[in-house]
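Peer 1: quick one: sequence and predicted model below, then my questions.
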Amino acid sequence: MNRPKKQAYYHLMMLPGMIFLIIFNFIPMAGIVMAFQNFSPVKGILESKWVGFDNFRFIFSLPDSRQIFVNTIIISLGKILLAILIPVCFSLLLNEIKVKFFKRTVQTIVYMPHFLSWVVFAAVVQSIFSYDGPVNVLLTAIGMEPVMFLGSNQWFRTLMVTTDSWKEFGYGSIIYLAALTGIDPGLYEAASIDGASRWKRLLYITLPGIMPIILIMLTMALPNILNAGFDQIFNLYNPLVYESGDILDTYVYRVGMLKRQYSLGTAVGLIKSVVGMILILAANKLVTTFSDRRMF
Amino acid sequence: MNKKLRRSLSLLLAMTMVTGLLGGCAGGSDSVDAVTDVKDAGTQAAGAASEDGTSDPWQLAATSTYEPYPETVTYTIGLRVRADVAYPEGSTDTAEESAYTRFMKSKLNIQNENAFEAADDNDYNQKVSMAITSGDIPDIMNVTYDDFKELAENDMLEDLTDAYNNCASDLMKEIYASNDNRSLDMATIDGKLYAIPTTAISSGPEMLWLRGDWMDKLGLEEPKTLEDIENIVKAFVKQDPGENGAGKTVGIPLCVDGDTNYIYGNYSGAYKANNIFTSFGAYPEQWIEGKDKTAVYGSVQPEMKQGLQVLADWYKEGVIDQQLAVRTYDDIKALVTDGKCGSYFCGWWAPYDLAGSYELNPDVEWRAYILPAGSDNKVTMWSGNPNQNYFVVRKGFEHPELLVKAKSITLDYNQGDAAYTDDSAECKEYLDYVAHGYGVEVIGGFDWYDAAARAYQHISEAIDGTRNPDEMNAYEHSLYESCTKYLEAVNNKEKPEKANWLDYNARMVASKLMNDTEVNIVQPVFFSQTDSMSLMWESLRTLERTTILKIVTNEISVDEFDTFAEEWMNAGGQQITEEVNEAIN
């Protein structure tokens, strides 16, 4: 009977969030028109010249645009995969540890790097992988040639993907650890009575138990496929590795921000959003088809 | 990211500002006989005006340099402030009410009202963009060249030609003339002056800085040619005079870190190799006049190949730092400070970066050489952009000459000798602010193009006894005192203080070299941007920077340069070159 009234409270509670969303996410969407203009701040949105799809055509006509898209997608796919794989393995392993104190300590330590900014963390990566850094000292000690990791097109992408995972896996594992606690302990008890080994329990109880979360995380990560991590790459790249490491965001930064090409920046933003939206819808469809979960 | 940009420019900017700010705050005691320029000129202007029959005080103020407005004129300004701005303890001063504003009020009866303030360059430029977008720009702003052009093209700026002709002081004209009025040319569109530009001072030629104590230890001769440089640096790297351990001494560092640092480019940055290129007649990153009198882009000219061949060979031989691609500006600075690097290219101001190495090791001795010379036995350099930024007046502001008048007054007190003779309370307070670095100067001044050479001439003359030490501006005076302290310490066989060591090496040793060495100066013909450049330039620059770095690090051969030059032309370079030629003709 009093449902509408009860819901009114909920709606009221939602109101600030919605207002925030409208002001900061919906209204600025009008700015998307800049992507179809040659926007000049002096003339403003109303007076600037309309250029149709010229900005988009320009992005795809750039001599390096193919390379940039390839770099972006490879680096970000690698990051998405590792961002699932490593935290899941890590939380499964950590979950097996019974000493509470040790478990907590490890957990805290590994998610610390998440709170460091890339500016700081890049300096750490630089000194570890520098030509005379510890990694190369180790390589020379076992009789191998030192490698200039940050100046090598063969290594740059790998390094970006792994260091990103190193920085973020601890934080990423929090959600899986939480999901693990949600698995009914009764299942484990029943399985061990039936004689299931630890491995079998992991395979048939734990993994299926956290599978929905894994799928949701994957679905949420996919729209970001064109975000390969500006902060990280910007702080670590140099002209020698543009070929393998220059991504959409760093490129747009160099063209758009430094040269104040607002329209170009907006156009790239729009491309990213559209691709992101297509991916999230597709992923959601896949998840609903292959499991009984759905996001929306 | 702009950290680097700021750092590489900071020295020169800082010096310009300090010179500008501190100018004329000391040594006032001895100039009793000097006539007060300010009053004198003011009277002249008044006299001239009354002869013309103009008695309207507003008209008089609008057409003279020093005549104050009859009533307080309030103008709005977008002000660049500093993040660390401080005021005297206990005062309630703000950027709108400080010694600077009171000083201006007493001189010209003007008062600023700040439309916006920003400390950081990015923030400031963003606020300028916002103001432009909203169509509500303050009466006076200090903008970049791009903004200046955009504003002028859209008829948003007041024409300052008359204001400049009527109200600019002789000193102001003299300072602009120190760079052949190039600053004003940049601010002039279709014969009309639309801004009062802030000049950039000349960075002087690039020098090769070598550890003299290492050279003596290894018995090396002074370098003259490219081979000499190669041999010296090789000896440094292989024979390890700094006792760093085998393989720990690096060759000549070149910085490719961030957006502003590259193997070549602006002379206000360190760790470049401009001289290597200019010695073969190549002017990378500059728009210069080619053989057929049209503008060409230096980085794609065939002369580049010889310079690149030298650098590529040097890289192979270890004369150039093997890790140049991945070193940051700070990394290199640390190598130099720690004594792991004893050779690099930098302007006369290198000691500002070298003081750390002297502090760590008092035995270090740095020697500077301007080389290698080209076929005419002279080193060639190109000159930089004549301006830092542009002060503009909103179209429709009733008192456009206010900017010119305020600038003139500021220059009189910064660069001229007005502060020596003015004993008003406002001037005293003004000087006190300058001396302590309080507050923010609202309009501000600018410096001579050859400020560094002038400083050297004044200081060395004072040391030789041919100039009264009080007859120089205050910043120069403080440098003079520092240099004499250095000489005293050396005479008494004591270790000179770090700051004195720095000033002496920069102002007397390196500046002397700069002053005494004749160099060829190539004047680039274009500093601006064309329409296609704004979109295509980055892609061309990426191509250039990647290719050149690969050539230097021996990843590809120098012969690939021809392919690159062709590709550059086809990828838009041709079109941009045509546009540049259109723009300058």
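Peer 2: Now that the structure is in, tell me what you want to look at. Numbers count the residues shown, from 1 in each chain, chains lettered A, B, ... in the order given.
Peer 1: can you tell me how far the closest residue to chain A within the stretch 351-500 of chain B sits from B:M156?
Peer 2: Here the stretch 351-500 of chain B gets closest to chain A at one residue, B:K395, 12.0 Å apart by Cβ to the nearest Cβ. In short, each C-beta sits where N, CA and C put it, glycine included. Look at B:K395 and B:M156: by Cβ to Cβ, to the nearest Å, they are 5 Å apart.
Peer 1: before we move on, what about B:N274?
Peer 2: Where B:M156 is concerned, B:N274 sits at a distance of 38 Å (Cβ to Cβ).
Peer 1: looking at the two, which is more packed in?
Peer 2: B:N274 (26 against 17; other Cβ atoms under 10 Å in any protein chain shown).
Peer 1: thinking the more buried one is in contact with B:G265, fair?
Peer 2: Yes: counting by Cβ atoms under 8 Å, B:N274 does reach B:G265; the two are 7.4 Å apart.
Peer 1: what about B:A425, neighbour count?
Peer 2: B:A425, neighbours per other Cβ under 10 Å, totals 10.
Peer 1: per-residue pLDDT, it?
Peer 2: Predicted confidence (pLDDT) for B:A425: 90.
Peer 1: flag every residue of chain B that's near chain A.
Peer 2: B:1, B:129, B:132-133, B:135, B:146, B:150-151, B:153-154, B:156, B:256-257, B:259, B:322-323, B:325-326, B:328, B:534-535, B:537-539, B:542-543, B:545-546, B:549-550, B:553, B:555, B:567, B:571 (Cβ under 8 Å from any Cβ of the partner chain).
Peer 1: which neighbours do B:N274 and B:G265 share?
Peer 2: Shared contacts of B:N274 and B:G265 (Cβ atoms under 8 Å, 6 or more residues apart in numbering or on different chains): B:P284.
Peer 1: how long is stretch B:352-367 end to end?
Peer 2: End-to-end distance of stretch B:352-367 (Cα to Cα, to the nearest Å): 14 Å.
Peer 1: now that stretch: how far from the chain's centre is it?
Peer 2: Its chain's C-alpha centre and that of stretch B:352-367 lie 24 Å apart, by Cα atoms, centre = their mean, to the nearest Å.
Peer 1: run through who's touching that stretch.
Peer 2: Residues outside stretch B:352-367 that contact it (Cβ under 8 Å, 6+ apart) are B:11, B:209-213, B:215, B:222, B:270, B:333, B:336-339, B:346, B:350-351, B:495, B:498-499, B:501-502, B:505-506.
Peer 1: just the helices in the stretch 351-500 of chain B please.
Peer 2: B:351-360, B:401-414, B:418-421, B:425-436, B:451-464, B:474-491, B:498-503 (DSSP state H, counting those that start in this stretch).
Peer 1: tell me what angle the fifth one forms with helix B:474-491.
Peer 2: What that stands for is helix B:451-464. Angle, helix B:451-464 to helix B:474-491, by axes from the mean of the first three to the mean of the last three Cα atoms, to 10 degrees: 50 degrees.
Peer 1: and the residue of the stretch 51-200 of chain A found nearest chain B, what does it touch?
Peer 2: Going by Cβ to the nearest Cβ, chain B is nearest to A:G151 of the stretch 51-200 of chain A, at 3.9 Å. A:G151 makes contact with A:N238, A:L240, A:V241, B:Q323, B:A325, B:V326, B:T553 under the criterion Cβ under 8 Å, 6+ apart.
Peer 1: if I pick B:W287, what's in contact with it?
Peer 2: B:A295, B:V296, B:Y297, B:G298, B:P524, B:V525, B:F526, B:F527, B:V580.
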